[in-house]
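Trainee: what's the 3D shape of this:
(chains A and B)
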Amino acid sequence: MAMSGIAETDTTVKLFCDFIDSSERQGPYKMNVIKIMLKRGHEEWFQPISADSIANEYYDMVRDQCETHSLDGISKVFHKPFSKAEVENHLSSLPFAKLTTESPRTGKSPFKNANGKLIVREEYCIPTKEAHVAIQLAVENKLEDYFKMKQK
Amino acid sequence: MKRLLLRKIQFALRHHGGTASLQDIYAYVEKSYYQLELDRYKDWKGHVNKQIRAHSSDSASFTGKEDLFYSTGNKGIWGLRQSNT
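Mentor: Take a look at the predicted model:
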């Protein structure tokens, strides 16, 4: 009973991973955003993130995936030299918007949008190594599935 | 939201190795100020303090429900009770 608050986090992490697992595969966009968030470590991964702060890293990540996995159907934004404004627009209209959309399988998204920033809902803000590892694994699996599907 | 605040306090104590000063707890909780809807309170620090006391059998304000925190004996320093499970 004493640790009920923290103990409940296992179910929450599972819900978060289910949301990742059930998301539609329209590109590596959404997973890349979560991947960048996770790079901040297990204590900070869920802190709000803005398109402005991740545009450069995100652009390089998608470009790298395009080359490594010969991806087609990737937004034209990534087929031309880096334009911060265009990448920010892309981030806001695609991954940020899609990540905040309700999932048909898991219901309410763990993300929400506030003042242009992508925010993890408080109930999913879990600063543990276990949560970080589990979410990282779910993201990597999802990306791997996507790359495999594209190679077929 | 109360549930989430309690969990945040637990994470704050865990982050500081199991015990922390009220100031450290406030600083940790404040990062989620709007998410936890602390803007609803005139004195949000007082609210956090009240929640800690309400969930500690070492406090006179203990509600008798969940005994999550303990007083270390040093003024303003609280600790996280270990799980019984």
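Trainee: other SSEs contacting the longest helix anywhere in chain B?
Mentor: In chain B, taking DSSP state H as the definition, the longest helix is helix B:2-15. For helix B:2-15, the elements it packs on are helix A:4-7, strand B:19-21, helix B:22-30, helix B:44-54, strand B:77-80, judged by 3 or more Cβ pairs under 8 Å, 6 or more residues apart in numbering or on different chains; DSSP states H and E. For every residue, glycine as well, the C-beta is placed using N, CA and C.
Trainee: what's the neighbour count on B:Trp78?
Mentor: Under the neighbour criterion other Cβ atoms under 10 Å in any protein chain shown, B:Trp78 is assigned a count of 27.
Trainee: Show me what it bridges to in the sheet.
Mentor: For B:Trp78, the beta-bridge partners are B:Ala20, B:Ser71 (DSSP bridges).
Trainee: Contacts only, for it.
Mentor: Counting by Cβ atoms under 8 Å, 6 or more residues apart in numbering or on different chains, B:Trp78 touches B:13, B:19-22, B:25, B:52, B:56, B:69-72.
Trainee: repeat that with 7 Å
Mentor: By Cβ atoms under 7 Å, 6 or more residues apart in numbering or on different chains, the residues touching B:Trp78 are B:13, B:19-20, B:25, B:52, B:69, B:71-72.
Trainee: do the same with B:Lys31
Mentor: So B:Lys31 contacts nothing (Cβ under 7 Å, 6+ apart).
Trainee: Any chance of the backbone angles for it?
Mentor: Main-chain dihedrals, B:Lys31, degrees, to the nearest 10: phi -60, psi -20.
Trainee: Same check on A:Pro110?
Mentor: phi -70, psi -10.
Trainee: Which residue is the nearest non-sequential neighbour of it?
Mentor: Nearest residue to A:Pro110, sequence neighbours excluded (Cβ to Cβ, 6 or more residues apart in numbering or on different chains): A:Tyr124, at 4.2 Å.
Trainee: do you know how far that neighbour is from A:Met149?
Mentor: Here the criterion is Cβ to Cβ, to the nearest Å. By it, A:Tyr124 lies 27 Å from A:Met149.
Trainee: now swap in A:Leu94 and tell me
Mentor: 18 Å.
Trainee: ok, the two, which is more surrounded?
Mentor: A:Leu94 (17 against 9).
Trainee: how much space is there between that one and A:Gln26?
Mentor: 8 Å.
Trainee: joint contacts of those two?
Mentor: By Cβ under 7 Å, 6+ apart, no residue touches both A:Leu94 and A:Gln26.
Trainee: Find the nearest non-adjacent residue to the residue nearest the centre of chain A, please.
Mentor: In chain A, the centroid-proximal residue (Cα atoms, centre = their mean) is A:Ile34; its distance is 2.5 Å. Excluding the flanking residues, the one nearest A:Ile34 by Cβ to Cβ, 6+ apart is A:Val139, at 5.2 Å.
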